[in-house]
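Visitor: Structure for the following, please:
(one chain, ligands or ions: 2)
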Amino acid sequence: LITDIRLRRILDSRGNPTVEADVVTESGGFGRAAAPSGASTGEYEAVERPPTEAIAAAREHAVPRLVGEAYAGNQREVDSILRAADGTDDFSEIGANSAVAISMAAAKAGADVLGAPLFQHLGGTFRGENFPTPLGNVVGGGEHAADATDIQEFLAAPVGAPSVEDAVFANAAVHAEVADLLEERGHPSGKGDEGAWAPSIDDSEAFEIVDEAVSTVQDDVGFNIGFGLDVAAAEMYDADSETYEYESAGVSRDTEEQIEYIAELVDEYDLVYVEDPLDEDDYDAFAELTDEVGDQTLICGDDLFVTNTDRLVDGIDRGAANSILIKPNQIGTLSDAFDAIELATQNGYDSVISHRSGETEDTTIAHLAVATDAPFIKTGAVGGERTAKLNELIRIADDAT
Ligand code: PGA
Ligand code: ZN
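Guide: Numbers count the residues shown, from 1 in each chain. Ligands and ions are numbered 1, 2, ... in the order given. Alright, predicted model coming up:
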């Protein structure tokens, strides 16, 4: 039984405040978790409130309904109380940041009571035995860095790695190789919010560099490393002109041109993963692209689906995308995230578990990815708040084998 919930403001990786929750149980269980925060947020995400307000509202509405009332190990009960206490569809009362911190902290307290690792508690006895392939962000721009690439993330995807440890180190090696190539080409660069290099180059040069870095590291390690993207196209879409604006390249594409451009990139670079290639409102364009290249690559909806089962149902009906990005803070609770994964699986959509650009040391998503047998996890390549998750994956694999 939950006997105490403490909420506080802590720092995230951008230096902004975020919500951390501690959940304590009668039998001595303890769980702590913190909410991440996006920069290129989807329009249909649950609402993140300023942490001070979110904490005050959660203390008033949610904490009294949980303490002395709910069991930390009963995730569905905890999460439905959070929803009822909030009373809105989008957590605009207590904030999705308070909600997700409490939801994840309760899961950790529940695991602690059982003496089980979090992935085991969440995934159960019959969870799959697979480990997710980490997608490593090595070059990026968009909303994550000023004066850098238009495409938000260029990702290394070590799909052939024999172990999660090999995959994690391969991504770090690609990240380092990219730095060397940028230096050689006269574009030494700092890093963006997720630790990816953020040079002021256009996308076509970034494609050349990442392609070369991936091949070099692939030859070194002797297993297949693929190439992926998060276009975050909603951020470049201009609804008035109905065009995608590539500012660093000075190019503008209408929807049909955007679909053709992405399909060409899939062919040219053998892309294994393409996230948000089109605007978050354009299910039809997503469907058209998926029809064209969906059997060659994962077309993933992040801003399109925002971890929301209602939006995923629409996508499934129309054949938009073939995978969904899962960010628990986009929807507010772990139960909702599990529902989205379950619905995706039933309909042949893959689930990709993801960090946010603003992160903390919290490792819940590493456990979530293992618990749900997700094929991919996107949690950066370097940087303490990213390596917190990557190193946790290595530890989980080490414990489990
Ligand atoms: P965000 O970016 O956390 O800033 O939304 C990550 C993503 O778009 O996948
Ligand atoms: Zn995204």
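
Visitor: could you pull out the strands for the stretch 51-200 of the chain?
Guide: 133-140, 153-157 (DSSP state E, counting those that start in this stretch).

Visitor: Out of those, which gets nearest to ligand 1?
Guide: With Cβ to the nearest ligand atom as the measure, strand 153-157 is the member of those nearest ligand 1 (6.9 Å). The C-beta positions use only the backbone N, C-alpha and C, and glycine is treated the same way.

Visitor: export the strands of the stretch 51-200 of the chain to a markdown table and tack on mean neighbour count, distance to Ala70 and mean pLDDT?
Guide: Listed next are the strands of the stretch 51-200 of the chain as a markdown table, based on neighbours: other Cβ atoms under 10 Å; distance: least, Cβ to Cβ, whole Å; pLDDT from 0 to 100:
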| stretch | mean neighbour count | distance to Ala70 | mean pLDDT |
| --- | --- | --- | --- |
| strand 133-140 | 30 | 34 | 98 |
| strand 153-157 | 29 | 38 | 98 |
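
Visitor: what's the closest non-adjacent residue to Thr290?
Guide: Leaving aside its chain neighbours, Thr290 sits nearest to Ile299 (4.9 Å; criterion: Cβ to Cβ, 6 or more residues apart in numbering).

Visitor: Quick check: that neighbour touching Leu325?
Guide: No: Ile299 is beyond contact range of Leu325, at 11.1 Å (criterion: Cβ atoms under 8 Å).

Visitor: quick one: low-confidence ranges for this structure?
Guide: Along the chain, segments meeting pLDDT under 70 span 401.

Visitor: Looks to me like Val24 is in a strand.
Guide: Yes: using DSSP: H, G, I helix; E, B strand; the rest coil, the assignment for Val24 is a strand.

Visitor: Measure how buried it is and give me the count.
Guide: 20 (other Cβ atoms under 10 Å).

Visitor: who's in contact with the single nearest residue of the stretch 151-300 of the chain relative to ligand 2?
Guide: Of all residues in the stretch 151-300 of the chain, Asp230 sits closest to ligand 2, at 4.3 Å by Cβ to the ion. Counting by Cβ atoms under 8 Å, 6 or more residues apart in numbering, Asp230 makes contact with 137, 151-153, 155, 275-276, 302, 378.

Visitor: cool, Val159 as well?
Guide: Counted by Cβ under 8 Å, 6+ apart, Val159 has contacts 133, 224-226, 272.

Visitor: With Thr387 instead?
Guide: Thr387 touches Gly380, counting by Cβ under 8 Å, 6+ apart.

Visitor: now the angle between strand 133-140 and the host helix or strand of it, please.
Guide: Assignment of secondary structure by DSSP states H and E places Thr387 within helix 384-400. Helix 384-400 runs at 160 degrees relative to strand 133-140, counting by axes from the mean of the first three to the mean of the last three Cα atoms, to 10 degrees.

Visitor: what distance separates helix 384-400 from the middle of the whole chain?
Guide: 16 Å (Cα atoms, centre = their mean, to the nearest Å).

Visitor: ok, and does it reach over to ligand 1?
Guide: No: against ligand 1, helix 384-400 shows no contacts by Cβ under 6 Å from any ligand atom, the least distance being 11.9 Å.

Visitor: buried ones in that helix?
Guide: 385-390, 392-394, 396 (16 or more other Cβ atoms under 10 Å).

Visitor: which bits of the stretch 51-200 of the chain sit near ligand 1?
Guide: So far as Cβ under 6 Å from any ligand atom goes, the stretch 51-200 of the chain lies against ligand 1 at Glu143.

Visitor: Pick out the residue of this protein closest to ligand 2.
Guide: Asp302 (3.5 Å).

Visitor: Please report the distance of that residue from Ala340.
Guide: 12 Å (Cβ to Cβ, to the nearest Å).

Visitor: Tell me which of the two has more neighbours.
Guide: Set side by side, Asp302 and Ala340 show more neighbours around Asp302, with 30 against 27, by other Cβ under 10 Å.

Visitor: helix, strand or coil for the closest residue to the more buried one other than its chain neighbours?
Guide: Leaving aside its chain neighbours, Asp302 sits nearest to Leu325 (3.8 Å; criterion: Cβ to Cβ, 6+ apart). Under three-state DSSP, Leu325 falls in the strand class.

Visitor: Please go through this structure and pick out the longest helix.
Guide: helix 164-184 (DSSP state H).

Visitor: which other residues reach that one?
Guide: 131-136, 138-139, 156, 158, 161, 188-189, 195-197, 199, 201, 209-210, 212-214, 216-217, 220-221, 223, 225, 381-382, 390-391, 393-394, 397.

Visitor: same deal with stretch 70-78?
Guide: Here stretch 70-78 has contacts from 1-2, 23, 25, 29, 31, 66, 81, 102-103, 106-107, 109-110, 113-114, 121-122, 333-335, using Cβ under 8 Å, 6+ apart.

Visitor: Need the buried ones from those residues selected in PyMOL.
Guide: Entered in PyMOL, the line below selects the buried ones among those, by 16+ other Cβ under 10 Å:
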select buried, resi 1+2+23+25+29+31+66+81+102+103+106+107+109+110+113+121+122+333+334+335
